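*Asks:* Sequence first, predicted model second:
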Amino acid sequence: MDKVVETNVNTGGTIRIADEVVSIIAGLAATEVDGISAMSGGLAGGIAEILGKKNFAKGVKVEVGEREAAVDLYIIVEYGVRIPDVALTVQENVKKAIENMTGLNVVEVNVHVQGVGFPEDNKVEDTRVR
């Protein structure tokens, strides 16, 4: 079962945020950045997609405490982009999204570049004479 962050509110109630919610926010914020080809989800993410389920938390690992969160992102960048620039933009976008939407303090966003994606539209065709 997912861990749930519970926050007391001045009105006397509580707010509960599941780890999976933070993962989904991080995944969506990362994929919004230009230069990201895909998220790298490993075997479990690939099986879920084969079964037709869209996993927005694919390629995201979060550790959520009472007031803070740490995020690890596993990404595939587009060929031709400057990787440090894309990674920095991803870090900033993910941190901002999580902090704005959950109120948690994001202490670190680690970006792990797992590969380079090539555009399918620009495949070099075989031009040999047959």
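*Replies:* Sure thing, it's come through.
*Asks:* So what's the predicted local confidence for Lys58?
*Replies:* Lys58 carries a pLDDT value of 90.
*Asks:* May I have the secondary structure class of the residue nearest in space to the middle of the chain?
*Replies:* By CA atoms, centre = their mean, the chain has its centre lying nearest to Gly27, at 2.6 Å. Classification of Gly27 using DSSP: H, G, I helix; E, B strand; the rest coil returns helix.
*Asks:* isn't it right next to Val62, touching?
*Replies:* No. Gly27 is beyond contact range of Val62, at 9.8 Å (criterion: CB atoms under 8 Å). Where you see a C-beta, it was placed from the backbone N, CA and C, and this is true even at glycine.
*Asks:* for the chain, where's the lowest mean pLDDT among helices and strands?
*Replies:* helix 42-50 (a mean of 50; mean pLDDT, DSSP states H and E).
*Asks:* Go through the very next helix or strand once past it and flag the buried ones.
*Replies:* Remark: after helix 42-50, the chain's next helix or strand is strand 60-64, criterion DSSP states H and E. Of all the residues in strand 60-64, those buried under the rule 16 or more other CB atoms under 10 Å are Val60, Val62, Val64.
*Asks:* tell me what strand 60-64 is packed against?
*Replies:* For strand 60-64, the elements it packs on are helix 19-31, strand 68-78, judged by 3 or more CB pairs under 8 Å, 6 or more residues apart in numbering; DSSP states H and E.
*Asks:* Out of the ones you listed, which is closest to Pro119?
*Replies:* Of all the helices and strands packed on strand 60-64, it is strand 68-78 that lies closest to Pro119, at 7.3 Å by CB to CB.
*Asks:* Could you export the helices and strands packed on strand 60-64 as JSON lines, including mean pLDDT?
*Replies:* JSON lines is the format used below for the helices and strands packed on strand 60-64 (pLDDT from 0 to 100):
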{"stretch": "helix 19-31", "mean pLDDT": "95"}
{"stretch": "strand 68-78", "mean pLDDT": "96"}
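*Asks:* Including distance to Gly103, could the ones you listed go into a markdown table?
*Replies:* Listed next are these as a markdown table, based on distance: least, CB to CB, whole Å:
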| stretch | distance to Gly103 |
| --- | --- |
| helix 19-31 | 11 |
| strand 68-78 | 10 |
